[in-house]
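Chemist: What follows is a predicted protein model with its sequence.
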Amino acid sequence: MAKMNQEPIPVFLFLGFLESGKTKFMQETLTDKRFNDGENTLILICEEGIEELELSKLPYKGKNITVRNVGNKEELNVPNLARIAYECRAEKIIIEYNGMWQISDLFSNMPDNWGVYQVMFFADAGTFMNYNANMRSLVVDKLNMCELCVFNRFEKSMDPNEFHKVVRGVSRRAEICYEYTDGQVAYDDIEDPLPFDIEADSIVIDDRDYAIWYRDIMDEPEKYDGKTITFKGLPAKNKKFPDGCFAFGRHIMTCCVDDIQYCWAVAEWDKPVETDKRAWYNITAKISIQRHKLYKGAGPVLRVISLEPAEAPAQEVATFY
């Protein structure tokens with residue numbers, strides 16, 4: 001019996017261009033009983049390559065799996081996708097997406113009860129750089145979203161640094177994996193230095209580096225304790241904020257427009273701050289890592305030294321690339 005759809009149906013998204021190794025990885029994933037545990041699984045194939053899934057070799061002889069082809073982008077619409085999932089009594093969905101289609105074409109047409117659980121990008125290392133040079137927008141579109149980037153058919157003569165630079169130029173959060181032609185698998189451990197001097201007592205955050213800084217201070221707040229910070233942002237406040245406190249931060253886009261959110265830190269100042277208007281300021285503050293009622297635990301508190309009106313940044317929504 002299919003599960004009640006009180007929770008979103010988990011969607012696992014396999015991205016990549018034709019012959020990039022998506023089908024092979026899907027076969028391996030479905031062979032693992034920890035993933036393929038007998039739940040009714042719908043597989044949507046949005047492009048047909050040479051390799052095909054061998055359902056008979058899977059657990060349960062593939063009887064719990066339904067494969068549907070979506071060869072036309074116009075088929076990506078809410079009623080059609082909802083109907084297919086209902087007919088298959090889908091409890092889990094895998095999508096092998098067409099590399100020539102934008103991710104927004106899918107996300108804007110997914111039923112409300114579908115929830116993306118994992119996004120993986122696959123690339124043939126031998127052709128990836130050509131795709132990146134000639135179809136850059138499509139490469140960026142996929143790298144923007146992925147949590148795992150797998151370079152298949154990687155040769156010993158290839159330089160991982162070159163591939164690392166392309167991925168990190170778009171996303172700093174994606175894990176990178178190199179699958180060599182001899183069967184060896186290596187995970188990327190190349191360090192990316194922060195684009196500002198973390199060792200300085202007074203740190204200046206460039207407009208383009210806000211997202212990177214914000215992620216870093218939330219991941220490792222203790223290394224910023226006692227530092228003086230200067231950056232540009234927007235103040236905000238609601239009824240939960242006590243007197244002398246306000247939020248200060250910027251909007252960040254992690255993957256796509258739908259996930260833009262205001263990312264802030266608590267600021268303390270004994271002077272009035274205009275928070276009703278969208279006014280930009282340069283803040284200089286001393287950071288104290290401490291427990292605060294506006295955090296669930298400890299977090300960065302900006303003890304304001306100065307707050308000066310500023311021009312809006314060229315790119316108002318901060319990103320990781």
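Modeler: Arrived safely, thanks for sending. Residues are numbered from 1 along each chain as shown.
Chemist: Give me the residues contacting the helix or strand hosting residue 139.
Modeler: Per DSSP states H and E, residue 139 falls inside helix 136-143. Here helix 136-143 makes contact (Cβ atoms under 8 Å, 6 or more residues apart in numbering) with 15-17, 99-100, 102-103, 121, 128, 131-132, 149, 166-167, 170-171, 174, 321. C-betas here are computed from N, CA, C, even on glycine.
Chemist: ok, now with 10 Å
Modeler: 13, 15-17, 20, 97, 99-105, 119-123, 128-129, 131-133, 135, 149, 166-171, 174, 256, 321 (Cβ atoms under 10 Å, 6 or more residues apart in numbering).
Chemist: May I have the secondary structure class of residue 282?
Modeler: Secondary structure state of residue 282, per DSSP: H, G, I helix; E, B strand; the rest coil, is strand.
Chemist: before we move on, what about residue 211?
Modeler: helix.
Chemist: Now do the contacts for the residue nearest to it when sequence neighbours are not counted.
Modeler: With Cβ to Cβ, 6 or more residues apart in numbering as the criterion, residue 211 has its nearest non-adjacent residue at 4.2 Å, and that residue is residue 318. Shown in contact with residue 318 (Cβ under 10 Å, 6+ apart): 207-214, 232-233, 249-254, 260, 263.
Chemist: Show me what residue 318 bridges to in the sheet.
Modeler: residue 252 (DSSP bridges).
Chemist: swap in residue 42?
Modeler: Beta-bridge partners, per DSSP bridges, of residue 42: residue 66, residue 93.
Chemist: how near is residue 286 to residue 13?
Modeler: Counting by Cβ to Cβ, to the nearest Å, the gap from residue 286 to residue 13 is 43 Å.
Chemist: Just want to know which of the two has more residues nearby.
Modeler: Between residue 286 and residue 13, counting by other Cβ atoms under 10 Å, residue 13 is the more crowded of the two (23 against 17).
Chemist: Might one say that the more buried one is in contact with residue 122?
Modeler: No. Under the criterion of Cβ atoms under 10 Å, residue 13 is not in contact with residue 122, lying 11.1 Å apart.
Chemist: Which residues are in contact with each of the two?
Modeler: 96, 142, 146.
Chemist: and stretch 230-249, which residues are buried?
Modeler: 231, 232, 233, 234, 235, 236, 241, 245, 246, 247, 248, 249 (16 or more other Cβ atoms under 10 Å).
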